[in-house]
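Trainee: Mind folding the following:
(2 chains)
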Protein chains: 2
Amino acid sequence: MKRPVIFISNDDGYRAKGFNAIVECAAEFGDVIAIAPDDTQSGKAHAITMYDPLYLTLRRDEEHIKVYSCNGTPVDCVKMAYDWLLPKLGLEPSLNISGINHGSNAAINVLYSGTMGAAIEASFYGAPSVGLSLDDHSHDADFDATIAFARKLIPAMLGLIITEPLCLNINVPVARPEEILGHRICRQTRGFWKEEFFCHQDPRGRDYFWLTGSFCNHEPEAEDTDEWALKHNYIAVVPIKVDLTDYSRMKQLEGLF
Amino acid sequence: MKRPVIFISNDDGYRAKGFNAIVECAAEFGDVIAIAPDDTQSGKAHAITMYDPLYLTLRRDEEHIKVYSCNGTPVDCVKMAYDWLLPKLGLEPSLNISGINHGSNAAINVLYSGTMGAAIEASFYGAPSVGLSLDDHSHDADFDATIAFARKLIPAMLGLIITEPLCLNINVPVARPEEILGHRICRQTRGFWKEEFFCHQDPRGRDYFWLTGSFCNHEPEAEDTDEWALKHNYIAVVPIKVDLTDYSRMKQLEGLF
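Mentor: Below is the predicted model:
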């Protein structure tokens, strides 16, 4: 039987531990073709590179695993794959995975996340798409629980027939596999980041700023949200749509200006 | 009477013709505080700068117009404004405008657009927010029709009481003001970009790629879409939401993995 093709990308770059963990795991189920950024591209959202040329470098070439890296954004990696590399190789992925990200992409983080940028972009090309993130930013995070879930997720997603683009935003709490209480289909939590800027002076006396901040959850008690699931040791699964139209407000705007 | 404060940003940078056109127009109605990127940040979507310091430079300092520029992304500009500059100046905007962008941000372009990244981000801080784009990429585009519409839009938006973040994606066709047939409240058109990569060799013999492509409209006949409006000389107004949850698919995912 022909092995399915699984396309993988991420935003932490091809050296990241989370990326290499899911590459190894996916290769148990299919042939992996990956394009990941050369270096970290966290917070790059759905950005594309319009004014610089892109380079592609083969980093790993084994029977069931081919990993390339690209100097562009996560979304550039996906476009390079689907509009250049995969047609050239004659391959059609049955599943897209972006991650495993070092850090949560729950709630409004889905907007800023390069991991989810890649997952969403990949879903446009037809195969189901999954963004996988662990709620731990550290380089040496423990991905065992995420991998245990991925071993159930990947065969289920490979068997799925879809007629519309499908993209899932999956976030995993920090816990050992046996401590995870299961997964919940959730909605995106309402809330925003409250930023603070650290202001310092550079050696030439000019103020410069570092962006930092913290997430304000506007509904911490809402049990159907992804933040609630994460806080209570569940894996949070949010189906994503890319039609940003706020249909509920269309009437209200008639006659306004 | 105290003049309202209007915050302006964009993604083409503070020198762009469209930005300066809306700055002048907005100053007819209120005091303008603007932070725009130092240079072009097209296609930067909702990206934020996590690993570089940000600098802020005062570029224009008049009674009703203050323009700063920042070396970050459009979303960085908004965060710098709301979490640093505006509190320092004791100012609270009543309206946010991002643009006027050189080029359409209708349909799926809303995802890639730095103009819309800034507009969406600004809406999180409470005041109504508008992304304004003209369907013409040229540096010397004619913004007369957009400005004529803005003169109706700005006072209407300044008078609006909202309880939830409000963000509009407004796209203007290329036409003289008198040729515009009015505006339509629309939904985002379904469709995706089909990319092509130009491949060349650099002087060291390495392949490099330029991203290019064209938009495929999946529903060119749908009269309630923003692309249809633009093609038929209407200004397209799409209300935007930032909850990406696809509620229609939550049931279908239960029990899948």
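Trainee: use CA for all of it now, contacts and neighbours both
Mentor: Noted.
Trainee: Just give me the neighbour total for residue A:55.
Mentor: Other residues within reach of residue A:55, judged by other Cα atoms under 10 Å in any protein chain shown, total 17.
Trainee: Now do the same contact list for it.
Mentor: By Cα atoms under 8 Å, 6 or more residues apart in numbering or on different chains, the residues touching residue A:55 are A:70-72, B:207-209.
Trainee: can you do 7 Å?
Mentor: Counting by Cα atoms under 7 Å, 6 or more residues apart in numbering or on different chains, residue A:55 touches A:70-71, B:207-209.
Trainee: Please tell me the pLDDT value assigned to it.
Mentor: Per-residue pLDDT puts residue A:55 at 97.
Trainee: likewise residue A:212?
Mentor: With respect to pLDDT, residue A:212 scores 87.
Trainee: buried residues in the helix or strand harbouring it?
Mentor: Using DSSP states H and E, residue A:212 sits within strand A:207-217. For strand A:207-217, burial by neighbour count (16 or more other Cα atoms under 10 Å in any protein chain shown) applies to A:207-211, A:217.
Trainee: hmm, who's touching it?
Mentor: Contact partners of strand A:207-217, identified using Cα under 7 Å, 6+ apart, comprise A:190-202, B:50, B:53-55.
Trainee: repeat that with 6 Å
Mentor: Residues from elsewhere that reach strand A:207-217 (Cα atoms under 6 Å, 6 or more residues apart in numbering or on different chains): A:191-201, B:53-55.
Trainee: Give me the next element, helix or strand, following it.
Mentor: Going down the chain from strand A:207-217, the next helix or strand is helix A:226-231, by DSSP H and E.
Trainee: Can you list the low-confidence ranges for chain A?
Mentor: For chain A, the stretches with pLDDT under 70 are A:1.
Trainee: Please list the residues of it that sit near chain B.
Mentor: Contact residues, chain A versus chain B (Cα under 6 Å from any Cα of the partner chain): A:43-48, A:53-55, A:83, A:112, A:153, A:156, A:187-188, A:195, A:208-210, A:239-241, A:244-246, A:257.
Trainee: Just the buried ones out of the residues you listed, please.
Mentor: Counted by 16+ other Cα under 10 Å, the residues of chain A next to chain B give A:43-48, A:53-55, A:83, A:112, A:187-188, A:195, A:208-210, A:239-241, A:244-246 as buried.
Trainee: Which of the residues you listed fall within strands?
Mentor: Of the positions in these, A:195, A:208-210, A:239-240 sit in strands, assigned by DSSP state E.
Trainee: how about the helices of chain A, start to end?
Mentor: Applying DSSP state H to chain A gives helices spanning A:17-26, A:74-80, A:86-89, A:109-112, A:114-123, A:144-158, A:226-231, A:250-253.
Trainee: Tell me which of those helices sits most buried.
Mentor: helix A:114-123 (a mean of 30; mean count of other Cα atoms under 10 Å in any protein chain shown).
Trainee: quick one: that helix to chain centroid distance?
Mentor: Computed by Cα atoms, centre = their mean, to the nearest Å, the chain-centroid distance of helix A:114-123 equals 6 Å.
Trainee: and the two most separated of the ones in strands among the buried ones among the residues of chain A next to chain B?
Mentor: Across those, no pair lies farther apart than A:208 and A:239, at 38.8 Å, counting by Cα to Cα.
Trainee: Can you name the residues that contact the residue nearest to the spatial centre of chain A?
Mentor: For chain A, residue A:115 is the residue whose C-alpha lies nearest the centre (Cα atoms, centre = their mean; 2.8 Å). The contact partners of residue A:115, by Cα under 6 Å, 6+ apart, come to A:10-11, A:98.
Trainee: try it again with 7 Å
Mentor: A:10-11, A:74, A:98-99, A:101, A:131.
Trainee: Narrow those to those in strands?
Mentor: Judged by DSSP E, these include A:98-99, A:101, A:131 as members of strands.
Trainee: so which of the residues you listed comes closest to chain B?
Mentor: Chain B has its nearest neighbour among these in residue A:131, at 13.6 Å by Cα to the nearest Cα.
Trainee: correct me, but that closest one touches residue A:168?
Mentor: Yes: using Cα atoms under 7 Å, residue A:131 makes contact with residue A:168 at a distance of 6.1 Å.
Trainee: circling back to that earlier point, pick the one among the contacts of residue A:55 closest to residue B:177.
Mentor: Nearest to residue B:177 among the contacts of residue A:55, with distances taken as Cα to Cα, is residue B:209, at 39.6 Å.
Trainee: how close does that closest one get to residue B:111?
Mentor: Going from residue B:209 to residue B:111 by Cα to Cα, to the nearest Å gives 22 Å.
Trainee: Kindly report the same for residue A:177.
Mentor: Relative to residue B:111, residue A:177 is positioned 35 Å away (Cα to Cα).
Trainee: Repeat that for residue A:255.
Mentor: As judged by Cα to Cα, residue A:255 and residue B:111 stand 27 Å apart.
Trainee: what do you get for residue A:154?
Mentor: In terms of Cα to Cα, residue A:154 sits 27 Å off from residue B:111.
Trainee: Now for residue A:29, how many residues are close by?
Mentor: Quick note: residue A:29 (other Cα under 10 Å) scores 17 neighbours.
Trainee: Next: residue A:35.
Mentor: The number of residues near residue A:35, taken as other Cα under 10 Å, comes to 28.
Trainee: I'd guessed residue A:156 sits against residue B:254; true?
Mentor: No: contact between residue A:156 and residue B:254 fails when scored by Cα under 7 Å: they sit 12.0 Å apart.
Trainee: what residues are up against residue A:171?
Mentor: Taking Cα under 7 Å, 6+ apart, we find residue A:171 in contact with A:104-106, A:132-135, A:235-237.
Trainee: ditto for residue A:139
Mentor: Shown in contact with residue A:139 (Cα under 7 Å, 6+ apart): residue A:17.
Trainee: And for residue A:178, nearest residue in space, chain neighbours not counted?
Mentor: Using Cα to Cα, 6 or more residues apart in numbering or on different chains and skipping the chain neighbours, the partner closest in space to residue A:178 is residue A:145 (7.9 Å).
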